[in-house]
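Enquirer: Fold the following, please.
(one chain, ligands or ions: 1)
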Amino acid sequence: MLVVPARLHRWPPEVQDLFGRKGPLVLEIGFGDGRFTAELARSRPDWLVLGAEVSAASVLRALRRMRREGLTNVRLYHGQGPFALRNLVPPGALDQVIVNFPDPWPKKRHQERRLLREAFFRRLSTRLKPGGSLLLTTDHEAYFRFALEEAERTGLYRIEVRPPPEAHLRTKYALKWKEAGRTFFHAVFTKLGEDPAPWPPLRRYDVAHALLSGELPQDLALEKTAVRLKEGVAVFLEVARGKEGFYVLTHVEEEDLTQDLLLEVRKSARGVYAGVSRFGSPLITEAVKGAVRALVDRLKARGLEVVQDHT
Ligand SMILES: C[S@@+](CC[C@H](N)C(=O)[O-])C[C@H]1O[C@@H](n2cnc3c(N)ncnc32)[C@H](O)[C@@H]1O
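Expert: Numbers count the residues shown, from 1 in each chain. This is a model prediction of the structure:
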């Protein structure tokens, strides 16, 4: 298992279950083509390297690289770094986090998309070991200063600005910016204290459905606008007619997790079933339950009545 499935039986998994053994644990966020990840895993065979990357194409490229090099101490997760930190890393388990050339989001109105914000540093402190650290390397001075200030505000880290280690200047982006003559910035954020707010793994559920009395509607036109949920946002993208009823392609976004899944509205022995389809094995989160509730509301508006509610 080189790629970590999001729906592991247990969150967080034991490090031993993820890697088949124990060892110092490192998380790299945004590994891109994975060349740094591979070099790290090769040079520190005793370390266990978990990588998180949102780009599917990059994960595939990196996966091929790890296979080609026969590296057994790497696990890759396709998704948001903070999601991996929250759900795949046990509290106090991380020795190191590496962030090389994070997306800088230079526009003021996009700054909330930056990874290294105060809330992230606070949450990170719950997953780092005492004395564990985050290593940041970037060519973007404004983001660098921003990250220093955000971490400083937590009071949970010792911050040292140092020259970047050579290995961190051999990533794909480092080489690109070196050629462009850019300057590099590097800082080490060492955990001194821990944020008291708990950050448990995301809550998951086994089911999200309702049974309604009444007839299956002849048609099911749903507006394609964003439905605001307490925990995120859902959009009913498309409705397709099947033999038993309707499939609703639904986009659900919540903190650090985006899913495209199918909801079903179909005949059941006792009326109409509305709920999450198992197709694609979605994670049933609070926001997914919210999306089902929103769908059930649309059916209620057509005169159907809820007789059993598992949303
Ligand atoms: C500028 S590239 C740097 C890639 C690589 N570290 C390097 O130095 O060549 C930033 C990478 O971070 C990934 N990324 C951005 N936000 C992320 C997040 N929240 N979690 C995981 N990866 C992320 C992007 O897909 C992209 O591959």
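Enquirer: quick one: contacts for residue 306?
Expert: Applying C-beta atoms under 8 Å, 6 or more residues apart in numbering, one finds that residue 306 lies in contact with 210-212, 296, 300. For every residue, glycine as well, the C-beta is placed using N, CA and C.
Enquirer: So which of these sit within helices?
Expert: Among these, DSSP state H puts 296, 300 in helices.
Enquirer: from the contacts of residue 306, which is closest to the ligand?
Expert: residue 296 (32.1 Å; C-beta to the nearest ligand atom).
Enquirer: so what pLDDT did the closest one get?
Expert: The confidence metric pLDDT takes the value 97 at residue 296.
Enquirer: Equivalent analysis for residue 226, please.
Expert: In the prediction, the pLDDT value recorded for residue 226 is 93.
Enquirer: you'd agree it is up against residue 233?
Expert: Yes. Taking contacts as C-beta atoms under 8 Å, residue 226 lies within contact range of residue 233: 5.0 Å.
Enquirer: Between all of the contacts of residue 306, which two are separated the most?
Expert: Farthest apart among the contacts of residue 306 by C-beta to C-beta are 211 and 300. That separation is 12.6 Å.
Enquirer: Looking at those two, which has the bigger crowd around it?
Expert: Counted by other C-beta atoms under 10 Å, residue 211 and residue 300 do not tie: residue 211 has more neighbours, with 20 against 15.
Enquirer: Now the more buried one: closest residue in space that isn't a chain neighbour?
Expert: Once its chain neighbours are removed from consideration, residue 211 has its nearest residue in residue 308; the separation is 4.1 Å (C-beta to C-beta, 6 or more residues apart in numbering).
Enquirer: Okay, residue 231 and the ligand: tell me how far apart.
Expert: Counting by C-beta to the nearest ligand atom, to the nearest Å, the gap between residue 231 and the ligand amounts to 18 Å.
Enquirer: Could you measure from that residue over to residue 287?
Expert: Between residue 231 and residue 287 the distance is 4 Å, computed by C-beta to C-beta, to the nearest Å.
Enquirer: Quick check: neighbours shared by the two?
Expert: Shared contacts of residue 231 and residue 287 (C-beta under 8 Å, 6+ apart): residue 254.
Enquirer: Would you map out the domains in the chain?
Expert: 15-191, 209-310 (automatic domain parsing).
Enquirer: anything in the first one near the ligand?
Expert: Yep, that's domain 15-191 we're talking about. Yes. Part of domain 15-191 sits close enough to the ligand to count as contact by C-beta under 6 Å from any ligand atom, namely 29-32, 52-55, 58, 80-81, 100-103, 115, 171-174.
Enquirer: Of those residues, select the buried ones using a ChimeraX command.
Expert: Selecting just the buried residues from these in ChimeraX takes one command, with 16 or more other C-beta atoms under 10 Å as the test:
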select :29,30,31,32,52,53,54,58,80,81,100,101,102,115,171,172,173,174
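Enquirer: Go through the residues of domain 15-191 next to the ligand and flag which are in strands.
Expert: Restricting the residues of domain 15-191 next to the ligand to those inside strands, with DSSP state E as the criterion, leaves 29, 52-53, 100.
Enquirer: ranges for the strands of the stretch 201-311 of the chain?
Expert: If DSSP state E, counting those that start in this stretch is used as the criterion, the strands of the stretch 201-311 of the chain fall at 209-213, 226-228, 232-241, 245-254, 257-268, 271-276, 305-310.
Enquirer: most neighbours per residue, which of those?
Expert: strand 271-276 (a mean of 22; mean count of other C-beta atoms under 10 Å).
Enquirer: which residues touch it?
Expert: Identification of contacts with strand 271-276 by C-beta under 8 Å, 6+ apart yields 207-216, 245, 261-267, 282, 284, 288, 292, 295-296, 299, 304, 307, 310-311.
Enquirer: Just put the domains of the chain in JSON lines and tack on distance to residue 8.
Expert: What follows is the domains of the chain, written out as JSON lines (distance: least, C-beta to C-beta, whole Å):
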{"stretch": "domain 15-191", "distance to residue 8": "7"}
{"stretch": "domain 209-310", "distance to residue 8": "10"}
